[in-house]
Each structure stands twice: as structure tokens, then as C-alpha cells.
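**Student:** fold the stuff below for me.
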Amino acid sequence: MAEFFQVVTGTVITRPYVFAFFAVYLLAAIPHIGWKRVTIFTIAGYLVAFSSELASINTGFPYGWYYYIDKTSSHELWVAGVPFFDSISYVFLSYCSYATALFILSPLKRTGLHIIPLETVRLRRSLAALLLGALLQTYLDIIIDPVALQGDRWFLGRIYGYRESGYHFGVPLSNYVGWFFVSLVMIFILQRLAATIRGLKPSPPSGIGSFPGSSLIPPALYLSVIIFNISIAVAIGEMTIALSGFFAVLLPVAMALLLAIRRINRHTRDELAEHLTDFPWSAASSR
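**Tutor:** Predicted coordinates:
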């Protein structure tokens, strides 16, 4: 047991950036959808991600054939040949992608220091939120994977590789197809949880942002993951990877930002009414 706790502690110490992102996920998700849903999704999302990775290293589905290189299991947690931190990363990547999709799709209201996406149950469970969230999560991997593949040149370490080098900086296209598929599954689970309001008490901690700026945390987390990986690419001298990632996200980020600014306080009465019907404790109810 002492050895297990030592390995768990070593996991956090070895991968502090992963658990920093995970902490921000909890900070954003708990006031957004409630701690019970966050707990359920964290467990379910981890199991989906872990199963997908375990399947792929043994069958080639869904990401294509790749393999893990076990050089760190003596001081960080691995589960059945898969590093624990890798599968847990999917959880916060899925949440911030889904919540960012909701932010993009929702009308926005500003009340004091609050910028409130006027989410509704209908929007949370919509096909648009599912597809956009899955695409946003896949975009993250388009930025992450080429940098992670160079892990022996930074503090990630060389922990995996592909059987055959792919077209995108060594990453095969099957990997991104697999990411989109797994993202669909994980975000489908998340949106079913987030769109279930039965049993919620009419108070902010039950599932809507309850402090100023809380709605901006998921997009900020999403951008932070991108900035982190592009910065690593610059630091190790991979400027082609860095510029490719930067220009891949520049236009969609600029469009989302400009459209968000234009939409603030341009919602209709019906949009506000539907939001408050689903979430009567929302800060959008203040005048």
C-alpha cells in the first residue's frame, strides 16, 4: 500500500502540469454542472478514454497502431500498460471542449462582472453542441500530438510511438479520426449528464456558474492547453510544428472571440426566458 501511494504521489510530482489543468477543470465544472455530475463524468470519461487507449495498443482501434514505452512506471502510475495521466487528460479536454462549444453557441448576457452564456437544456443536449465539442477536442489533439511525439526532447519523456510514421509530423491520420470518435462518445455522455436537471435544487452550486468570470474559465482552459503545447514546440526548436498549430487555431479563435463580443446583451427575451426556465438560479436573473 505504501508503494502504491508513493507511485500516486510520484504521478502528481512527475506531471504537475496535467494536474494543474485538472484542478482548473474542477474549478470550472463544479459550479457549472454540479459536483455529482462532475464526479460521474470524471469516472465515466476516464474509463472511456482508458478503454480506447487499451484497445488501440492491442487492436489498432480506434487510433491506429501505437505503443507505450514504459520508462516511468517505477515512479508514476500506469494501469495495464497505459499511463494514468494520459487517460485522465481526456476528461478535462472533453469538458473544456464541450463547455467552449456551449459558450460559442449560446447568446451572452453581461450582468455586472458576469458574462453569462444563456445555456438551455435543449442546447446542452443538442447535436450542434455534440459535433462542435468533438471537433474542438480533436483540434486540441492536432496541436498536442505532434508535440507529445517529441517528448524525449522535453519533460514529458518519450512514452509512446506509432508503428508507422504518419503524414502530420509523424502522427497518422487514423489517430485524429479516433480522437473524433472517442470525443463524440465522451461528450455525448457529458451532455446527457449536463442536460439532466431533474433533482437539482434552485441554487447556484447545483449547476450554473456562481462567481464572476466562471463562464470564461473553460475557454481559457482550452486556450491554455493550446498555448502550453505551442510554447513547448517553440522551446524545443520545432518552429514548423509551432507555426502550424498557431495558424490552425488563429482563425477559429478570432472568429469565436469577435462573434462573442458582438453577441453580448443582444439576446432576445425568449432566449433569456428559456434559460431562466431551465436555470432559475442563474446570475442572468439579476438586472
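**Student:** please enumerate the strands of the stretch 151-287 of the chain.
**Tutor:** Assigned by DSSP state E, counting those that start in this stretch, the strands in the stretch 151-287 of the chain fall at 160-162.
**Student:** check contacts around Asp171.
**Tutor:** Slight slip there: residue 171 is Val, not Asp. The contact partners of Val171, by Cβ atoms under 8 Å, 6 or more residues apart in numbering, come to 145-146, 149, 162. Placement of C-beta: from N, CA and C, glycine included.
**Student:** mark which of the residues you listed are part of helices, please.
**Tutor:** Using DSSP state H to define helices, the subset of those located there is 145-146.
**Student:** so can I have CSV of the contacts of Val171 showing neighbour count?
**Tutor:** CSV is the format used below for the contacts of Val171 (neighbours: other Cβ atoms under 10 Å):
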residue, neighbour count
Asp145, 22
Pro146, 22
Leu149, 23
Tyr162, 18
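**Student:** and the two most separated of the contacts of Val171?
**Tutor:** The span of the contacts of Val171, defined through Cβ to Cβ, is set by Pro146 and Tyr162 at 11.5 Å.
**Student:** need the overlap of contacts for these two.
**Tutor:** Jointly contacting Pro146 and Tyr162 under the rule Cβ under 8 Å, 6+ apart are 170-171.
**Student:** between the contacts of Val171, which is closest to Val249?
**Tutor:** Nearest member of these to Val249, counting by Cβ to Cβ, is Pro146, at 13.4 Å.
**Student:** that closest one contacts Thr240, correct?
**Tutor:** No - here Pro146 lies out of contact with Thr240, judged by Cβ atoms under 8 Å, at a distance of 9.3 Å.
**Student:** identify the contacts common to the two.
**Tutor:** Common neighbours of Pro146 and Thr240 (criterion: Cβ under 8 Å, 6+ apart): Phe169.
**Student:** contacting residues for Gly133?
**Tutor:** Counting by Cβ under 8 Å, 6+ apart, Gly133 makes contact with 94, 97-98, 100-102, 183, 187, 191.
**Student:** could you check how far it is from Ala55?
**Tutor:** As judged by Cβ to Cβ, to the nearest Å, Gly133 and Ala55 stand 22 Å apart.
**Student:** can I assume Thr14 is in contact with Glu76?
**Tutor:** Yes - if you go by Cβ under 8 Å, Thr14 and Glu76 touch, sitting 4.7 Å apart.
**Student:** can you pull the poorly scored residue ranges out of the protein?
**Tutor:** By pLDDT under 70, the weakly predicted segments of the chain are 1-5, 7-8, 197-210, 286-287.
**Student:** could I get the full set of helices for it?
**Tutor:** For the chain, helices defined by DSSP H occupy the ranges 2-14, 16-33, 35-59, 84-105, 121-124, 127-148, 173-194, 217-235, 239-263, 269-278.
**Student:** so which bits of the fifth one are buried?
**Tutor:** Right, helix 121-124. Within helix 121-124, the residues scored as buried using 16 or more other Cβ atoms under 10 Å are 121, 123-124.
**Student:** just these now: which is nearest Ala254?
**Tutor:** Leu123 (23.3 Å).
**Student:** can you pull the contacts of the closest one?
**Tutor:** Neighbour list for Leu123: 102, 105-106, 129 [criterion: Cβ under 8 Å, 6+ apart].
**Student:** switch the residues you listed over to CSV; also include neighbour count and distance to Gly157.
**Tutor:** Shown next, in CSV, are the contacts of Leu123 (neighbours: other Cβ atoms under 10 Å; distance: Cβ to Cβ, whole Å):
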residue, neighbour count, distance to Gly157
Leu102, 24, 35
Leu105, 16, 38
Ser106, 22, 40
Ala129, 25, 36
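**Student:** which residues sit in contact with the most centrally placed residue in the chain?
**Tutor:** Closest residue to the average C-alpha location of the chain: Leu93 at 1.7 Å, with Cα atoms, centre = their mean. Counting by Cβ under 8 Å, 6+ apart, Leu93 touches 137, 140, 225.
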